[in-house]
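Visitor: sequence isn't available, so here's the structure alone:
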Ligand SMILES: [Mn+2]
């Protein structure tokens, strides 16, 4: 299905007066409103193909209805999101879940929907049907050369699919590690993984990057071979200038200071970008900003400060992506909420009075620094984000629009009520 532009226009018309009142109020109280709006218009957050269906846990999966049944339908779903928020103009594919049958047709569908292909992901954390060798004891780290070879070849194949579609980065997340003490020689596991990654790195096209994602635990519970940002940075430093460390918000031990991690990776020019989600306990994959919105703001505060210090383009120089799972919400509504939370945190971080904050830090004015951050965080700037969306042609209240237009009902009519999208 397609969203008609005049439906968005009439939705916006019905909310315009109220929006204008809120916008005028907030715009009168902040500096540089136009600059912030332009930055928001330029910003884009990629949607992962695996977040378009209802996720599950190891205890069960309660599928929704009208989920995308094919790569084409996944693109259509992201196209819907983008039509509504004008900030989700790219999709991240996962191989082998999303192997295109016809590159030209997929590329032209993406172009029609205004979508680009973000980083492409390999998958060596599961065994696929007809796969000769098992990843039960790891992939790139495996003690068996033939298994490592199979995993390397898979990653090289993923790069080829991505290159055909116009992706510019490969994301490698490994579940490799061990569940019990003594199971692995840590040094050998690291060396095997590094050598495997070096072969994958050598296969990258010139204008490509490789993102090495880390995770503290799960599915392995004693050690993970890329377990934290230090280990990832060790790999990316040894690999070379096309390798970067990817931060997934849910992949840290509880209470980790992610904003500090981000600041240092940026300082070293080694931050790839983000997988956004939120969590209460571990890798919960909950909606961005639903549990710890202040942490999200603090992370963006470091990102903006660090990117500006290096003269980076906020929209293009880092990879921005959601990596979440939706067990109990409509995935499309959840993704709209996620992108909105990211836009709000980004907008707030643009509004931090940086000179005043620097002065507070330089004079050890601890209370003053807190006042500056919390004053910004507690300013309701949602109308600024909505204004950017309005100017780009999106819907002022996208979730309301999604419900008014009965988009899920229409998708269910087209696709059926028992569809299950590929993913976790
Ligand atoms: Mn991730």
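Guide: It's in. Remember, it's a predicted structure, so these values are computed and weren't measured experimentally.

Visitor: where does pLDDT dip in this structure?
Guide: 422-424 (pLDDT under 70).

Visitor: break down the chain into its strands, ranges please.
Guide: 47-48, 56-57, 60-61, 90-92, 116-117, 120-121, 169-173, 177-178, 209-213, 223-224, 243-248, 271-276, 319-322 (DSSP state E).

Visitor: got those strands as a markdown table, with distance to residue 83 columns?
Guide: C-beta coordinates here come from the backbone N, C-alpha and C atoms, glycine included. Output for the strands of the chain, formatted as a markdown table (distance: least, C-beta to C-beta, whole Å):
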| stretch | distance to residue 83 |
| --- | --- |
| strand 47-48 | 13 |
| strand 56-57 | 28 |
| strand 60-61 | 28 |
| strand 90-92 | 14 |
| strand 116-117 | 15 |
| strand 120-121 | 24 |
| strand 169-173 | 25 |
| strand 177-178 | 41 |
| strand 209-213 | 28 |
| strand 223-224 | 39 |
| strand 243-248 | 27 |
| strand 271-276 | 21 |
| strand 319-322 | 17 |
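
Visitor: could I get those as TSV with mean neighbour count?
Guide: Formatted as TSV, the strands of the chain follow (neighbours: other C-beta atoms under 10 Å):
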stretch	mean neighbour count
strand 47-48	27
strand 56-57	14
strand 60-61	11
strand 90-92	25
strand 116-117	20
strand 120-121	26
strand 169-173	26
strand 177-178	22
strand 209-213	23
strand 223-224	20
strand 243-248	24
strand 271-276	25
strand 319-322	24
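
Visitor: near the ion, which residues of this structure?
Guide: Residues of the chain lying close to the ion by C-beta under 5 Å from the ion are 248, 275, 323.

Visitor: nearest to residue 128 among those residues?
Guide: Nearest to residue 128 among the residues of the chain next to the ion, counting by C-beta to C-beta, is residue 323 at 20.7 Å.

Visitor: residue 246 is in contact with the closest one, correct?
Guide: No: under the criterion of C-beta atoms under 8 Å, residue 323 makes no contact with residue 246, lying 9.6 Å away.

Visitor: quickly list what's touching both of those two.
Guide: Common contact partners of residue 323 and residue 246 (C-beta atoms under 8 Å, 6 or more residues apart in numbering): residue 275.

Visitor: give me the distance between residue 387 and residue 399.
Guide: Taking C-beta to C-beta, to the nearest Å as the measure, residue 387 falls 17 Å from residue 399.

Visitor: more crowded one of those two?
Guide: Taking neighbours as other C-beta atoms under 10 Å, residue 387 and residue 399 compare with residue 387 leading, 23 against 17.

Visitor: ok, the more buried one to residue 353 distance?
Guide: Residue 387 is 21 Å from residue 353, by C-beta to C-beta.

Visitor: and residue 67, by the same measure?
Guide: 45 Å.

Visitor: of the two, who's got more company?
Guide: The neighbour comparison of residue 67 against residue 353 (other C-beta under 10 Å) goes to residue 67, with 26 against 14.

Visitor: for the stretch 101-250 of the chain, what spans make up the helices?
Guide: Applying DSSP state H, counting those that start in this stretch to the stretch 101-250 of the chain gives helices spanning 103-112, 145-165, 186-202, 229-239.

Visitor: which residues are in contact with the first one?
Guide: Just to be clear, that refers to helix 103-112. 71, 72, 75, 76, 79, 91, 100, 116, 117, 164, 165, 166.

Visitor: could you list the buried residues of that helix?
Guide: Within helix 103-112, the residues that count as buried by 16 or more other C-beta atoms under 10 Å are 106, 107, 109, 110.
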